[in-house]
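Enquirer: quick check, what structure comes out for this input:
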Amino acid sequence: MTSGRPGRRVAANPIPYWSQAGKTREVFEQAFRDFQQIGFTAVKADLPAGMSTGEYADWIAGFGLSPSIGLFSSALDETVEMADVLEQARRFGAEQAELGLDRTMLSSMSLPERLERPAVGAGFDQGRLDRAIENAGRVCAVLITEGVRPLHHSHVGGVFETEHEITSLLDDLGPDLIGFGPDTGHLRWAGIDPVALVRRYADRTGGIHLKDLYPDHLDGAGGGGTYREKASSGRLWAEPGRGVLDLGAVLDALPDDYDGDYMIEVDHPSVGSLHESHRISWEWARDHLAAVTVP
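Expert: Numbers count the residues shown, from 1 in each chain. Predicted structure coming up:
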């Protein structure tokens, strides 16, 4: 089986392919063909239902790709049955380890009130935050038992959306239980300085999603709108280097011994073609990450 162990590779996330068309084999294969043609050598590990890890590894290897750090997501609040979540985490962790991965992202997503009013910490409740931190710790313990290190992955729309919520999670659980796997775009959308936060948790950072943004929906600009409306507008997410983020400063904030992959992610491309969006992203990566990535 092809090893998915990270090593400062440039990986792609096929999310814009399947977010509209669904997670079908045909959709993934189109993404994989594009990635292979463009030059990517790693892809976010995302097994279709019913596919074994061996089948998945062989499948993507046929496109010259190896598995990169995946993502386990749950609301982690009072709406979930934690026994089910923990069993899902166990299975997920075992799959990731079988792919040769030694770490995974852990995220909270899809709280209705925060999808309705994104990036402002809508409906904050300290009791809910405390419960979610406790639940996240239980998930982390299961993932560690399966051989993968959990890294908190910031995401607008979840219970860990604001800087207070993210730092409370990381500080309360501590480095032995959870590391840091930031998403530069989601941090900035929520009004957080990604450079400062990456620097604060540099010694715990084991993976990163590099995402840029346009200014149209930041800091209250652009008026109201739901998560979906803003995220799909074509004026929120930007291909790296085309938005307002100083991604070079983010990279400089990483520790010298950073050993994770660099995942390029544009949830909704700002150009008309998915292939073109990823080609632009790859060219940015080639120019800015060539000195630190494995050929």
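Enquirer: flag every buried residue along stretch 91-100.
Expert: Across stretch 91-100, burial judged by 16 or more other CB atoms under 10 Å covers 92-100. (Glycine included, C-beta is placed from N, CA and C.)
Enquirer: quick check: closest non-adjacent residue to the residue nearest the centre of the chain.
Expert: With distances taken as CA atoms, centre = their mean, the chain has His209 as the residue nearest its mean C-alpha position (5.3 Å). In space, His209 comes closest to Asp183 once its chain neighbours are excluded; the distance is 4.1 Å by CB to CB, 6 or more residues apart in numbering.
Enquirer: my guess is that neighbour meets Glu265, correct?
Expert: Yes: using CB atoms under 8 Å as the test, Asp183 is close enough to Glu265 to be in contact (7.2 Å).
Enquirer: circling back: after whatever helix or strand the residue nearest to the centre of the chain lives in, next one along is what?
Expert: Per DSSP states H and E: His209 is located in strand 208-210. For strand 208-210, the following helix or strand on the C-terminal side (DSSP H and E) is strand 212-213.
Enquirer: can you count the residues close to Pro16?
Expert: Pro16 has 19 neighbours, counted by other CB atoms under 10 Å.
Enquirer: hmm, back to that, what do Asp183 and Glu265 both touch?
Expert: Between them, Asp183 and Glu265 have 209, 211 as joint contacts when contacts are counted by CB atoms under 8 Å, 6 or more residues apart in numbering.
Enquirer: which outside residues touch the helix or strand bottoming out on mean pLDDT in the chain?
Expert: Here the helix or strand of the chain ranked lowest by mean pLDDT, DSSP states H and E is helix 15-21, holding a mean of 91. For helix 15-21, the external contacting residues (CB under 8 Å, 6+ apart) are 24, 27-28, 30-31, 44, 265-269, 274, 277.
Enquirer: ok, and for it, which residues are buried?
Expert: Counting neighbours by 16+ other CB under 10 Å, one finds that the buried residues in helix 15-21 are 15-18.
Enquirer: the residues you listed into a markdown table, with extra columns for distance to Val159?
Expert: Rendered in a markdown table, the data for the buried residues of helix 15-21 read as follows (distance: CB to CB, whole Å):
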| residue | distance to Val159 |
| --- | --- |
| Ile15 | 21 |
| Pro16 | 25 |
| Tyr17 | 28 |
| Trp18 | 24 |
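Enquirer: just those now: which is nearest Ala221?
Expert: Compare each of the buried residues of helix 15-21 with Ala221 using CB to CB and the shortest gap goes to Pro16, at 23.1 Å.
Enquirer: against Leu115, how distant is that closest one?
Expert: When CB to CB, to the nearest Å is the yardstick, Pro16 and Leu115 sit 18 Å from each other.
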